[in-house]
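Asks: Show me how the following folds:
(one chain, ligands or ions: 1)
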Amino acid sequence: MAGFLEIAGLDKTYRSQRAPVHALRNIDLEISEGEFVCIVGPSGCGKSTLLRCMAGLEPISGGRLALQGKLITAPPQNMGVVFQRDLLLEWRNILDNVLIAAELHDLRRSDYKDRACELLTLFGLDAYLDRYPRELSGGMRQRVSICRALLTDPQLLLMDEPFGALDPFTRDELNSELQRTWLATKKTIVFITHSITEAAYLGDRVVVMSRNPGHIEKIVPIALERPRGLDVRDTAQFADCVVQIRETFRDLGIYKG
Ligand SMILES: Nc1ncnc2c1ncn2[C@@H]1O[C@H](COP(=O)(O)OP(=O)(O)OP(=O)(O)O)[C@@H](O)[C@H]1O
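Replies: Residues are numbered from 1 along each chain as shown. Predicted coordinates:
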């Protein structure tokens with residue numbers, strides 16, 4: 001479905017007692033249902049701002065932002081969000097942490113318990129239902145936060161640097177798991193990352209952003225077959241995609257390597 005998520009001429013300026021900050025300028029982006037879109041860009045180019053606007057957590061200053069034709073003015077029901085910090089509640093066990101998503105949507109916990117267990121099993125955490133967050137590794141904690149975001153079966157999943165704090169092995173593992181989940185469920189995913197390789201591995205398209213103020217510089221389609229094994233990253237086709245993205249940053253003077 002074309003135009004599942006529509007962003008047209010979006011502008012965002014933060015206003016406070018200090019000088020206004022023009023964070024986003026004239027963002028145009030149409031995302032189809034079931035698409036996996038990655039957004040990559042240097043620090044401060046407005047990636048998180050854009051995601052928070054999509055999540056209805058930040059008002060826009062101009063332009064249009066709509067999900068399935070409905071303007072986004074508050075967090076939509078059919079959306080899940082995963083942040084870099086897992087935001088788990090330390091005093092709740094893993095199952096109860098996942099079930100928070102039902103409580104937040106005013107849904108009955110008992111109706112979602114089976115689904116929570118299914119998701120935790122899918123992510124290899126079935127032996128940890130009654131454990132507490134402090135007993136889990138960083139990768140396991142982030143898996144729990146993905147299960148929480150998926151609990152109410154949202155059509156749209158927004159992910160802000162979810163694997164940025166993880167070691168490279170765990171990050172690879174979660175990249176594969178996320179792709180597998182996406183292929184099985186065909187959710188629409190918007191995924192923010194600082195890693196060009198991660199973006200090219202996961203995305204159907206990679207949106208390349210630049211700053212001052214934040215804007216879209218280029219959109220690179222990634223025509224690699226699915227499912228993608230991690231070794232796709234060793235292919236010439238993959239290298240071509242990475243070079244296209246990296247060259248954009250080099251031309252902008254952002255990437256000097
Ligand atoms: N609440 C806020 N009030 C004022 N300015 C803000 C606010 N949040 C972000 N900004 C500014 O907006 C711009 C974009 O910030 P944002 O966090 O969206 O960038 P980013 O690309 O996600 O950065 P990073 O990759 O470092 O997380 C920056 O100049 C930042 O200082």
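Asks: and stretch 133-142, which residues are buried?
Replies: Pro133, Leu136, Gly139, Met140, Arg141, Gln142 (16 or more other CB atoms under 10 Å). For glycine as for every other residue, the C-beta is placed from the backbone atoms N, C-alpha and C.
Asks: ok, now stretch 213-224?
Replies: Neighbour-count burial for stretch 213-224, with 16+ other CB under 10 Å as criterion, is recorded at Pro213, Gly214, His215, Ile216, Glu217, Lys218, Val220, Ile222, Leu224.
Asks: Do you know the pLDDT at Met1?
Replies: On pLDDT, Met1 comes in at 54.
Asks: hey, where'd the helices end up in this protein?
Replies: All helices of the chain, identified by DSSP state H, fall at 47-54, 94-104, 109-122, 138-150, 168-185, 196-202, 236-251.
Asks: quick one: the longest one to chain centroid distance?
Replies: Distance, stretch centre to chain centre, for helix 168-185: 13 Å (CA atoms, centre = their mean, to the nearest Å).
Asks: Give me the neighbour count for Leu125.
Replies: By other CB atoms under 10 Å, 21 other residues sit near Leu125.
Asks: got a list of what the closest residue to it other than its chain neighbours touches?
Replies: Distances taken as CB to CB, 6 or more residues apart in numbering place Arg143 nearest to Leu125, at 6.0 Å, with adjacent residues excluded. Shown in contact with Arg143 (CB atoms under 8 Å, 6 or more residues apart in numbering): Phe123, Gly124, Leu125, Leu174, Glu177.
Asks: Likewise for Leu136?
Replies: Contacts of Leu136 by CB under 8 Å, 6+ apart are Ile94, Tyr128, Val144.
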